[in-house]
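1. Turn this into a structure:
(one chain, ligands or ions: 1)
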Amino acid sequence: MSRVYNFSAGPAVLPEAVLERAQAEMLDWHGSRMSVMEMSHRGKEFVSIAEKAEADLRQLLAVPDSYKVLFLQGGASSQFAMVPLNLLQGRGRADYVNTGSWSTKAIAEAKRYCDVNIAADGGVGNYTSIPPRSEWTLDPEAAYVHYTPNETIGGVEFHWIPETGDVPLVADMSSTILCRPLDVARYGVIYAGAQKNIGPAGLTLVIVREDLIGYADERTPAMFNYKVHADSGSMYNTPPTYAWYLAGLVFEWIGQRGGLSAMEQVNRDKARKLYAAIDGSEFYANPVDEPCRSWMNVPFILSDPGLDATFLAEAKEAGLVTLKGHRSVGGMRASIYNPMPAEGVDALIAFMGEFERRYA
Ligand code: PMP
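-> Got it, this is the predicted structure:
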């Protein structure tokens, strides 16, 4: 069976080797004669799976010992509320940088809990660029600074880490985590929904500096309290065991392929080639400022939107699927996460060239 190249923004393509291994281990995990899905989360088999996944992730990202790694549920969207509930510590003020749709959602949720200072807003450029750090107006009294390193819909990515002094930096890394090495020590909290670069939907990864844990507002639900999860090794309640296991297989796969430096090299090349093909054509266009173009999500439009449906139908025929842009922006979007092989991007570029020759 030949599989498609799946450019979905998430849930997204997983490494074929990971799916094959999950298949091989489906009925009998390592002689346990049961599936991981059927195991008690507190049994020694699953605990070993969970511990290995965490250890492998810590190694990949070189997570300092002073950080907890939490394997939660609720998606990145729950973190939009968990961050203020846990980090405000009674201060009532937080800084947010707005670079597009996902920042906007995080801001809307934070406003339930505190005064939000929009320290910078990419709206002046229609969210196609990132305001330089020198133009940000940070509030010295803010409890934290929140930003979205990669806007999955707009395809706008920070290729630098903002300096915020002693104010903890919080990052929604849902669509960029693990695409290259990361200096975790620069952050107070990093969070990510798993369904892009980590594994299947249902798991949410949170990396939080220990000194920020333990100060949640007293009305915070237990399930939204970082301390509750940190103290129980993410097993306060039943964690998403199968997603956690698959994430562990993905971490192993990344390690086997040379870790995050190797991912960086491949991802940089894939993105460079795709943007070059778009820029080199009169028919396709990407609106994002070059220095902040996303390596993971590449939106592009056709010069004649009347051809969108034909493009998508013919792409699907060619085995290139889920290229439709987000419903809020239209056009196309190719998400090219870690597991998308370079051959997939090459096939997309070849298809785009051929489509242009036939229809432009
Ligand atoms: N933040 C970003 C950057 C995202 O891309 C997404 C999902 N596409 C979310 C948050 C929401 O994530 P979830 O669906 O896991 O709540």
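
2. can you give me the helices for the stretch 1-150 of the chain?
-> 16-24, 44-61, 75-87, 101-110 (DSSP state H, counting those that start in this stretch).

3. Would you list the phi and psi of E210?
-> phi -60, psi -30 (degrees, to the nearest 10).

4. Find the nearest non-adjacent residue to A243, please.
-> In space, and not counting its chain neighbours, A243 is closest to L203: 3.8 Å by Cβ to Cβ, 6 or more residues apart in numbering. (Each C-beta comes from the backbone N, C-alpha and C, glycine too.)

5. what's the neighbour count on the closest residue to K324 other than its chain neighbours?
-> Leaving aside its chain neighbours, K324 sits nearest to L312 (5.8 Å; criterion: Cβ to Cβ, 6+ apart). Neighbour count for L312, taken as other Cβ atoms under 10 Å: 17.

6. Get me the contact residues on this structure for the ligand.
-> 10, 75-77, 102, 148, 152, 172, 174-175, 193 (Cβ under 6 Å from any ligand atom).

7. ok, now with 8 Å
-> With Cβ under 8 Å from any ligand atom as the criterion, the chain comes near the ligand at residues 9-10, 74-80, 102, 105-106, 148, 150-153, 172-175, 193-196, 201, 204.

8. Separate out the buried members of these.
-> Buried subset of the residues of the chain next to the ligand (neighbour count, 16 or more other Cβ atoms under 10 Å): 9-10, 74-80, 102, 106, 148, 150-153, 172-175, 193-196, 201, 204.

9. if I pick the nearest residue to V288 once chain neighbours are set aside, what's in contact with it?
-> Excluding the flanking residues, the one nearest V288 by Cβ to Cβ, 6+ apart is T128, at 5.0 Å. Residues near T128 by Cβ atoms under 8 Å, 6 or more residues apart in numbering: 122, 154, 156, 287-289.

10. Pull up the gap between I153 and T176, please.
-> Going from I153 to T176 by Cβ to Cβ, to the nearest Å gives 13 Å.

11. wait, doesn't S8 sit right on R333?
-> No - checked against Cβ atoms under 8 Å, the pair S8 and R333 is beyond contact range at 9.3 Å.

12. higher neighbour count, those two?
-> R333 (24 against 18).

13. Just the C-alphas of the strand or helix carrying the more buried one, formatted as CSV.
-> For R333, the enclosing helix or strand under DSSP states H and E is strand 332-335. The C-alpha trace of strand 332-335 is given here as CSV (Å, rounded to 0.1, in the frame of the first residue of the first chain):
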residue,chain,number,x,y,z
MET,A,332,-3.6,26.6,0.6
ARG,A,333,-1.4,25.5,3.5
ALA,A,334,1.3,22.9,3.5
SER,A,335,2.3,21.7,7.0
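
14. give me the residue from the stretch 1-150 of the chain nearest the ligand.
-> Closest contact between the stretch 1-150 of the chain and the ligand, by Cβ to the nearest ligand atom, is at G75 (2.5 Å).

15. How about the stretch 251-360 of the chain?
-> N297 (8.2 Å).

16. Now for that residue, how many residues are close by?
-> N297 has 29 neighbours, counted by other Cβ under 10 Å.

17. Is it bridged to anything, and to what?
-> Counting by DSSP bridges, N297 is bridged to S335.

18. Need the CA coordinates for stretch 197-216. CSV is fine.
-> Extracted C-alpha coordinates of stretch 197-216, given in CSV (Å, rounded to 0.1, in the frame of the first residue of the first chain):
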residue,chain,number,x,y,z
ASN,A,197,5.3,17.4,16.0
ILE,A,198,4.8,15.1,19.0
GLY,A,199,2.3,12.4,18.4
PRO,A,200,-1.5,11.8,18.2
ALA,A,201,-4.1,14.2,19.6
GLY,A,202,-5.2,13.9,23.2
LEU,A,203,-1.8,14.6,24.8
THR,A,204,-0.6,18.1,25.8
LEU,A,205,3.0,18.6,26.8
VAL,A,206,3.9,21.2,29.4
ILE,A,207,7.5,22.0,30.5
VAL,A,208,7.4,24.3,33.5
ARG,A,209,10.1,25.8,35.7
GLU,A,210,9.8,24.4,39.2
ASP,A,211,9.8,27.7,41.0
LEU,A,212,6.6,28.7,39.1
ILE,A,213,4.7,25.7,40.5
GLY,A,214,2.6,25.9,43.6
TYR,A,215,1.0,29.3,43.4
ALA,A,216,-2.2,28.6,41.5
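
19. how far does that stretch sit from the chain's center?
-> 13 Å (Cα atoms, centre = their mean, to the nearest Å).

20. which of the residues in it are buried?
-> Under 16+ other Cβ under 10 Å, the buried positions of stretch 197-216 are 197-209, 212-213, 215-216.
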